[in-house]
Every structure is written in structure tokens, then in C-alpha cells.
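Engineer: just coords:
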Ligand code: HEC
């Protein structure tokens with residue numbers, strides 16, 4: 001009796017083991033698949049769950065050109081801060097990312113009608129945090145408060161990252 005209970009328990013354990021192994025196997029497959037799918041979209045960490053946003057081709061192209069300006073903007077800010085040129089860095093932030101930054105001939109107004117509300121909110125948060133960064137940089141001329149500058153820079157890039165994590169673009173046919 002005792003023996004058969006033991007073997008029953010043994011069987012149950014074996015069965016659980018097999019199920020766990022099976023689960024692990026399929027989870028593994030799934031994550032490999034997700035990784036593969038993600039890699040195709042340039043994100044090697046996880047499955048691509050970003051919302052797809054469709055733009056007409058000229059708007060799509062000007063948006064990406066504009067994005068490259070944003071990256072150049074952050075780059076210039078970092079470079080100029082490294083050289084101690086805070087006022088110039090403030091100008092660079094305003095020019096490339098600030099509220100007055102014009103998205104070109106097919107610019108903001110054209111983009112806005114195709115943007116989901118969440119994307120629009122992240123866009124304006126990015127522009128206003130860039131304006132705050134410019135203020136922190138102009139203050140650093142007097143205070144030399146680099147911690148405030150980097151905190152403000154982090155708020156700008158936080159919006160870049162949040163939007164890139166949430167949305168992707170494709171030109172309409
Ligand atoms: C409101 C949303 C949003 C914000 C804010 C944003 N981006 Fe983007 N960006 C996008 C989307 C969407 C794409 C297209 C991604 C895709 O389709 O895979 C993109 C693409 C890019 C690209 C690729 C350009 C190309 O030629 O392919 C760069 C570089 C970039 N962004 C830089 C930045 C930087 C730097 C910031 C912040 C200073 C920023 N972006 C802020 C939405 C945003």
C-alpha cells in the first residue's frame with residue numbers, strides 16, 4: 001500500500017516535471033519567436049508591440065528627417081555642455097527640439113492630424129521639456145548647476161524613449 005502511494009507520488013512528480021519541461025520548452029519557443037520578430041524591427045529585447053501609425057509619404061519622410069534633427073540637437077547639447085558652452089547649448093536645444101521648432105514644409109500641422117492622442121501628448125511633452133532644458137542651461141551660465149542640466153536633459157530623452165517604445169511609423173500606400 002505504502003509502496004503504491006509512493007509510486008503514485010513518484011508518477012505525479014514525474015508528470016509535473018514533464019509538464020514543466022514542456023512549458024519551459026514552449027515558453028522558450030515563444031520568446032525565441034518574439035526575439036526574432038523584435039529583431040526584424042530593430043528591438044532585440046522583446047516583441048514589437050508598438051502601435052503602428054500611418055503617415056502620407058511626404059509627412060513620413062519629413063518626420064524622420066525631423067527626428068534626425070532631434071538626435072543632432074541632443075548630441076550638440078551634450079557636446080557643448082562638455083565644452084562649457086551653456087548658452088550655445090541652450091540655443092541648440094531650442095533650435096532642434098524647442099516649442100518653436102518647425103517640423104518643415106510638411107510639418108507639425110500635417111503630422112498632428114495623423115497622430116494618436118497619446119503620441120501628440122508625448123510630442124508636446126518633449127518640446128516643452130526641451131524648453132525647460134534651455135532654461136536650465138541658461139541658468140547654468142550663472143550657477144554652474146550641472147546636475148540640474150542633466151536632470152532636464154533626462155526629462156527630454158525620457159519622452160524620446162517613451163514615444164519610440166509606444167509607436168512606429170509607416171508611409172501610407
Ligand atoms: C511623439 C513621439 C516621438 C518623440 C517625442 C520622439 N520621437 Fe523619434 N521617432 C518617433 C517615431 C514614431 C519614429 C519612427 C520609428 C519606427 O517607425 O520604427 C521615430 C524615429 C526616430 C529616429 C529615426 C530617424 C530615421 O531616419 O529613421 C531618430 C534618430 C529619432 N526618432 C530620434 C528622436 C530623438 C533624439 C527624440 C527626442 C529628443 C525623439 N526622436 C523624440 C517618434 C518620436
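Structural biologist: Arrived safely, thanks for sending. What you are looking at is a predicted structure, and each value in this text was computed from that prediction instead of being measured. Residues are numbered from 1 along each chain as shown.

Engineer: what residues does this protein put near the ligand?
Structural biologist: 64, 67-68, 70-71, 74, 97, 119, 122-123, 126, 156, 159-160, 163-164, 167-169 (C-beta under 6 Å from any ligand atom). From N, CA and C alone the C-beta is placed, and that goes for glycine too.

Engineer: now do 8 Å
Structural biologist: 41-42, 50, 53, 63-65, 67-68, 70-71, 73-74, 96-97, 115, 119-120, 122-123, 125-126, 130, 156-157, 159-160, 162-164, 166-170 (C-beta under 8 Å from any ligand atom).

Engineer: Just the buried ones from those residues, in PyMOL syntax?
Structural biologist: Here is the PyMOL command that selects the buried residues among the residues of the chain next to the ligand (16 or more other C-beta atoms under 10 Å):
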select buried, resi 53+63+70+73+74+96+97+115+119+122+123+125+126+130+156+159+160+162+163+167+169
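
Engineer: Please enumerate the strands of the protein.
Structural biologist: 51-55, 167-171 (DSSP state E).

Engineer: quick one: strands adjacent to the last one?
Structural biologist: Looking back up the chat, that one is strand 167-171. Strand 167-171 has its sheet partners listed here by DSSP bridges as strand 51-55 (parallel).

Engineer: List the contacts of residue 92.
Structural biologist: Contacts for residue 92 were tallied using C-beta atoms under 8 Å, 6 or more residues apart in numbering; they are 73, 76-77, 80.

Engineer: ok, so what distance separates it from residue 98?
Structural biologist: 10 Å (C-beta to C-beta, to the nearest Å).

Engineer: Show me this structure divided up by domain.
Structural biologist: Listed by automatic domain parsing, the domain ranges of the chain are 1-49, 51-171.
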